[in-house]
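> Fold the following.
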Amino acid sequence: EDDDDDGPTSRLEVTTITKDYADEQGMTEWPTLSKTSSFSSRYDAGEQLYVLDGSATLMISDFIDGIVIEELKVGPGSLVTVQEACAVAWEVKSPLLLLTPTYTETGLLLAVAGALAAGTVLAGLALGQWRI
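Got it, this is the predicted structure:
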């Protein structure tokens, strides 16, 4: 019998890494998110956040404002990896500087795609290929 499947599994994995390791892995190039007060957010499996500075207690639940099923503490050097989709309430203890590849990527990609689409339409209109 496998005892590992009997208990609840952690939705987040928190490991401590060195700044040098974060540099080597390109994490210090990730977009920056600065938080001075507590906040909540939803995360999908596979998302990562690196705590460059500050500290917080993470209260994990199935959905935002849900029943807390786990609490973890993070500080400088913490790498948070989402194992299973969840909501996290970040109780900020000291101002956080978080790095995460998913912070602005989606918005940036949509903005770029929108600008490209608008540019294509404008170019088509300017060249007389399309009429309104």
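> Every contact and neighbour count from this point should use C-alpha atoms.
OK.
> Which residue, neighbours along the chain excluded, lies closest to Tyr50?
Closest residue to Tyr50 apart from its sequence neighbours, by C-alpha to C-alpha, 6 or more residues apart in numbering: Leu79 at 4.5 Å.
> and Leu52, what is it in contact with?
Leu52 makes contacts with 75-78, 96-99, as judged by C-alpha atoms under 8 Å, 6 or more residues apart in numbering.
> please redo it, this time with the cut-off set to 6 Å
Contact partners of Leu52, counting by C-alpha atoms under 6 Å, 6 or more residues apart in numbering, are 76-77, 97-98.
> do the same with Leu72
Shown in contact with Leu72 (C-alpha under 6 Å, 6+ apart): 57-58.
> ok, 7 Å please
57-59 (C-alpha atoms under 7 Å, 6 or more residues apart in numbering).
> same deal with Ser55?
Contacts of Ser55 by C-alpha under 7 Å, 6+ apart are 74-76, 92-96.
> try Tyr50
Per C-alpha under 7 Å, 6+ apart, neighbours of Tyr50: 77-80, 98-100.
> repeat for Lys93
55-56.
> Show me the helices in this protein, by range?
19-24, 105-126 (DSSP state H).
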